[in-house]
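K.L.:
predicted coordinates and the sequence they were generated for:
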Amino acid sequence: MNDKEIVFSQSIKAGKRIYYLDVKKNRKDEMFLAITESKKVVMGEGDDSQVSFEKHKIFLYKEDFEKFMNGLQQAIGFIQEQQGCYTRHNEGGETAEEKPAQEAEPEEKETSLGGEIKIDIDF
């Protein structure tokens, strides 16, 4: 059995970057989230150009989910307060204006670590 078996995977394409959200299991059958940023890097020009990928990983364990989500929401809220609205692209290719954090309606949160955790991240 692989030490870090992937049981769920989601990829998010964003320009020259791709974000991978992989739920993995360790040897003890404990699940954790591996977040990987993969950025395409082109060195040189024309026929001499070489393409490589720069990768960065974060491993997030279930005991840290709530603290991580709180910190992420605070950081995103701060950016929204400082820079106002942002444009969100939906699956149909249409754009919709989002309200700044102070005007947005509060979302229902699950605070128990045993409950379902939902992540809605727009890049």
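P.N.:
Yep, it's here.
K.L.:
for Lys57, give me its contacts.
P.N.:
By C-beta atoms under 8 Å, 6 or more residues apart in numbering, the contact list for Lys57 reads 34-37. For glycine as for every other residue, the C-beta is placed from the backbone atoms N, C-alpha and C.
K.L.:
what's the most distant pair in these?
P.N.:
Put simply, by C-beta to C-beta the two of the contacts of Lys57 set farthest apart are Ala34 and Glu37, 11.2 Å from each other.
K.L.:
out of the contacts of Lys57, which are buried?
P.N.:
A residue is treated as buried here by neighbour count (16 or more other C-beta atoms under 10 Å); on that basis the buried members of the contacts of Lys57 are 34, 37.
K.L.:
make JSON lines from the contacts of Lys57 and add pLDDT, distance to Ala75 and secondary structure to it.
P.N.:
Shown next, in JSON lines, are the contacts of Lys57 (pLDDT from 0 to 100; distance: C-beta to C-beta, whole Å; DSSP: H, G, I helix; E, B strand; the rest coil):
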{"residue": "Ala34", "pLDDT": "96", "distance to Ala75": "20", "secondary structure": "strand"}
{"residue": "Ile35", "pLDDT": "96", "distance to Ala75": "15", "secondary structure": "strand"}
{"residue": "Thr36", "pLDDT": "96", "distance to Ala75": "19", "secondary structure": "strand"}
{"residue": "Glu37", "pLDDT": "96", "distance to Ala75": "16", "secondary structure": "strand"}
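K.L.:
which member of the contacts of Lys57 is positioned nearest Met69?
P.N.:
Distances from Met69 to the contacts of Lys57, taken by C-beta to C-beta, are shortest for Ile35, at 12.8 Å.
K.L.:
bridge partners for the closest one, pull those for me.
P.N.:
Here Ile35 sits in beta bridges with Leu21, Ile58, going by DSSP bridges.
K.L.:
measure it to Tyr20 for me?
P.N.:
The span separating Ile35 from Tyr20 equals 7 Å under the rule C-beta to C-beta, to the nearest Å.
K.L.:
ends of stretch 56-74, what's the gap?
P.N.:
Start to finish, the residues bounding stretch 56-74 are 22 Å apart (C-alpha to C-alpha, to the nearest Å).
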